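Asks: Only the shape, not the letters, is given here:
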């Protein structure tokens, strides 16, 4: 394949395409300051994201990351193992680039009246660069830098509606908790470095037994790292920014953060904990099995997210809490690692994140559409929207039922596989039974509030007269594509599942 | 003799000198109480207005740009340390040694050019710009 | 090295705790930012001390990166504090409550 002839560093091409697009946007804005040419800016962003997607898919097909024994090109390690490009990298880069493209297209209409157009799109691209780099980071140095590169533009994006008090408040809370958790994360890194003397993930794993004298330091460091991941993935105990930030932020940005950013947070959590802290070796040093922490966090996160979501009147806030609940489902992937078949559970969690990326983006984009129409924020305000906008509401139905896990939609299969693998892992780790039970109970509960929205849109009568609703092309296109992807994920589920399982197996390997 | 005794003596002397000077001036100075001596800014001028004035927002923009570009120079430092060795080594050519830093500086330059063009470092505006500009 | 490594860890933990205390007790957004900076610098003290202790430069170089990132974070944070002041006429972080907790 042609990939073989390329220099090694081109393996980072998806992230490089993102950063090149961001710089191109800066150049466009420098040539013509304060340009309001939305088609050019949104178009450049979408083309950049799709180019990154294309490169990623090309790499996948060419076999980058597939073990050489199976005819692939093997895992590419760059800069002395600071970055690694394997199947998990490509898998999550796919999610990030698709979500970025959808958000860019949807923003064309949503941000139409905004003064600072090019700033908005270049910040999105820089954040996407950070997320793609997170997927490839293989050292605590690159993990931290990529995490900050994804976070810093996100703070500005959440607060970008400078005259909207909700947006500024959301940006403030997002930033304050983000700054706190990144400081904690950095301190955790420094403790891990102190205990092992290395920051590269494989080197940490190799030097774990030398850290016997510093078991306490290492344990504290790992605990602090978990705090950093919890923030990025909006899980307990650093979840309380999520409802505020998602509600106040522009809706496409809420979609971006709750899908792409969350997926990127999980990929570093998966990679750091599987590569740097193998369960047995780490348990021998610090005396506690770290998967216990994730068992607790997964159960608490999903329960808290779903119960809080069930009590909301505001649709965007409901979706924000449901996004916390889904973070709890994905955490099962880390909770199951100590058991036999842990890599199957992790693969199932990755699969869930993949499907979740589309359906959740779509759901938030529908909220963006509703905000564009100006119909209001609560469930009652959404009443009877289907009479005026059947296509978008049909798409909403798909997203909601898929999020709830109704067969035969994609969300059902990913949850089903997650459930069966969790049960399978329960043979060697009894706690997984509790996790599986929590998963079922929470899914059943989530059906209540998801179907409540569908009922409001399709069955209830509108509470008042509404003007005719506009049909913004960009938003509609993004919603329809997200819906199609959620449905297409169904026949394509076999390959996705295989890719996820292989990626998990290679990552743990 | 223990090193710490010398350090302790130094600290003691360091503390005694200012205290001694204050005590001497307290004993020697004439006492002339006057209200204007209690003013925060004691120069003979009567201060007007509060201390909390608002600065031009432009100070803030330039300070932010300075903060970011200034701190980026710390990343030049480790590169400068290894540059000669990297050139001397067989396996790295000039492209490997110089290329990444050029890419880094180019990215910074694009950012700087963008900030300049969009008016982040502009102190005064012409009448046309005032009309055209938003709330910058 | 003459000074035992434990002293450095104690120093950095003290700094970290001071920063955390500041975050938990202060309501001014700017003081919050300063507290976060203290926490980041606590981590930098650790990184540099351990780099010396372990005899490799990884920690020192990472401390440089951490400083650069902290500066960028402060720049963004000050921007957000500025729009906060414009909208709410205050930099008290407990004032903005348009959304309920």
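Replies: Yep, it's here. Note that the structure is predicted; figures quoted are calculated from it, not measured.

Asks: give me the low-pLDDT residue ranges for chain B?
Replies: For chain B, the stretches flagged by pLDDT under 70 are B:1, B:40, B:42, B:44, B:47, B:51, B:124-136.

Asks: Please enumerate the strands of chain A.
Replies: For chain A, strands defined by DSSP state E occupy the ranges A:76-78, A:83-85.

Asks: give me the residue from chain B nearest chain C.
Replies: Taking CB to the nearest CB, chain C has its nearest neighbour within chain B at residue B:71, 3.8 Å off. No exception for glycine: its C-beta is placed from N, CA and C like everyone else's.

Asks: Tell me the buried residues in the helix or strand hosting that residue?
Replies: Assigned by DSSP states H and E, residue B:71 belongs to helix B:57-72. Neighbour counts over helix B:57-72 (16 or more other CB atoms under 10 Å in any protein chain shown) mark B:61-62, B:64-65, B:68, B:71-72 as buried.

Asks: returning to that earlier point: what sits against the residue of chain B closest to chain C?
Replies: C:67-68, C:71-72 (CB atoms under 8 Å, 6 or more residues apart in numbering or on different chains).

Asks: So which of these is the closest to chain B?
Replies: Closest to chain B, out of all of the contacts of residue B:71 and judged by CB to the nearest CB, is residue C:71, at 3.8 Å.

Asks: Looks like that closest one contacts residue B:66 (just checking).
Replies: No. Counting by CB atoms under 8 Å, residue C:71 sits too far from residue B:66 to count as a contact (10.3 Å).

Asks: Enumerate the residues of chain B near chain C.
Replies: B:60, B:64, B:67-68, B:70-72, B:74-75, B:77-78 (CB under 8 Å from any CB of the partner chain).

Asks: Dump the residues you listed into JSON lines; add distance to residue B:115 as well.
Replies: Output for those, formatted as JSON lines (distance: CB to CB, whole Å):
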{"residue": "B:60", "distance to residue B:115": "13"}
{"residue": "B:64", "distance to residue B:115": "9"}
{"residue": "B:67", "distance to residue B:115": "13"}
{"residue": "B:68", "distance to residue B:115": "9"}
{"residue": "B:70", "distance to residue B:115": "14"}
{"residue": "B:71", "distance to residue B:115": "15"}
{"residue": "B:72", "distance to residue B:115": "13"}
{"residue": "B:74", "distance to residue B:115": "20"}
{"residue": "B:75", "distance to residue B:115": "19"}
{"residue": "B:77", "distance to residue B:115": "23"}
{"residue": "B:78", "distance to residue B:115": "26"}
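
Asks: In terms of pLDDT, where does the nearest residue to residue A:208 once chain neighbours are set aside sit?
Replies: Using CB to CB, 6 or more residues apart in numbering or on different chains and skipping the chain neighbours, the partner closest in space to residue A:208 is residue A:281 (4.8 Å). In the predicted model, residue A:281 carries a pLDDT score of 80.

Asks: which regions of the chain lie under the pLDDT threshold?
Replies: In the absence of a named chain, chain A is used. Ranges of chain A meeting pLDDT under 70: A:1-5, A:67-72, A:490-491, A:493, A:507-509.

Asks: my question was about chain C
Replies: Looking at chain C by pLDDT under 70, you get C:1, C:99-101.

Asks: Point out the residues in it that sit beside chain B.
Replies: C:61, C:64-65, C:67-68, C:71-72, C:74-75, C:78-79, C:82.

Asks: Of these - the most surrounded one?
Replies: residue C:74 (21 neighbours; other CB atoms under 10 Å in any protein chain shown).

Asks: Can you report how many residues neighbour the residue lying closest to that one once chain neighbours are set aside?
Replies: Nearest residue to residue C:74, sequence neighbours excluded (CB to CB, 6+ apart): residue C:33, at 6.1 Å. A count of nearby residues for residue C:33, using other CB under 10 Å, gives 21.

Asks: Following the chain onward from the host helix or strand of residue C:33, which element is next?
Replies: Under the criterion DSSP H and E, the helix or strand holding residue C:33 is helix C:29-54. Counting by DSSP H and E, the next helix or strand C-terminal to helix C:29-54 is helix C:58-88.

Asks: I am assuming residue C:68 contacts residue B:74, so please confirm or correct that.
Replies: Yes. Taking CB under 8 Å as the definition, residue C:68 is a contact partner of residue B:74 at 6.0 Å.

Asks: Could you measure from the residue of chain B closest to chain C over to residue A:246?
Replies: 31 Å (CB to CB, to the nearest Å).

Asks: buried set for stretch C:18-26?
Replies: Here stretch C:18-26 shows C:19-20, C:22-23, C:26 as buried, counting by 16+ other CB under 10 Å.

Asks: any idea which of these is closest to chain A?
Replies: Nearest to chain A among the buried residues of stretch C:18-26 is residue C:23, at 5.9 Å by CB to the nearest CB.

Asks: Can you say which helix or strand has that closest one in it?
Replies: Counting by DSSP H and E, residue C:23 is part of helix C:5-25.

Asks: Any chance you could list what contacts that helix?
Replies: A:180, A:183, A:187, A:190, A:194, A:217, C:31-32, C:34-39, C:41-43, C:45-46, C:49-50, C:53.

Asks: Distance-wise, check residue B:115 relative to chain A.
Replies: Per CB to the nearest CB, to the nearest Å, residue B:115 is found 9 Å from chain A.

Asks: how deep is the closest residue to residue A:216 other than its chain neighbours tucked in, by neighbour count?
Replies: Using CB to CB, 6+ apart and skipping residues adjacent in sequence, the residue nearest residue A:216 is residue A:286, 7.7 Å away. Residue A:286: 24 surrounding residues under other CB under 10 Å.
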